[in-house]
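**Q** Let's see this in three dimensions:
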Amino acid sequence: MESLRSTVFPLLFISWGVITVVLVVLLSYRATLLSEHDQTFNDAATQDQFQQEMTLIARKSRLTGEIIVLSVMSGVLLLTCVGFSI
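**A** Numbering: from 1, shown residues only. Predicted coordinates:
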């Protein structure tokens with residue numbers, strides 16, 4: 001039991017760390033998309049800008065699902081790590 005715990009515990013922490021880093025990167029990327037969206041929204045409306053806005057909205061929508069999944073995975077792994085340490 002002790003050898004299993006000594007192998008699983010570091011793997012849980014490493015996987016939690018990797019998933020959390022990916023989550024933070026995705027959140028940062030989405031924030032930059034939103035700031036780009038605000039900049040193009042304030043400019044004069046042309047067909048190219050409208051197409052760019054629609055592309056940014058589509059990217060943001062795709063990222064939302066991935067961010068939710070990674071958030072849940074990160075939370076579950078964190079709770080599992082806390083449970084193992086108790």
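
**Q** Can you tell me the SS state at residue 75?
**A** helix (DSSP: H, G, I helix; E, B strand; the rest coil).

**Q** who touches it in this structure?
**A** Counting by CB atoms under 8 Å, 6 or more residues apart in numbering, residue 75 touches no other residue. (C-beta placed from N, C-alpha, C; glycine too.)

**Q** how much space is there between it and residue 57?
**A** 27 Å (CB to CB, to the nearest Å).

**Q** Mind naming the longest helix for this structure?
**A** Secondary structure of the chain read by DSSP state H shows that its longest helix is helix 2-42.

**Q** on contacts alone, who are the packing partners of that one?
**A** Here helix 2-42 touches helix 47-85, going by 3 or more CB pairs under 8 Å, 6 or more residues apart in numbering; DSSP states H and E.

**Q** Could you pull out the buried residues of the helix it packs on?
**A** 56, 67, 70, 73, 74, 77, 80, 81 (16 or more other CB atoms under 10 Å).

**Q** right, and the second one touches residue 31 too?
**A** No - checked against CB atoms under 8 Å, the pair residue 67 and residue 31 is beyond contact range at 11.2 Å.

**Q** re earlier: lowest-confidence member of the buried residues of helix 47-85, which is it?
**A** Looking at the buried residues of helix 47-85 by pLDDT, the weakest one is residue 56, with 78.
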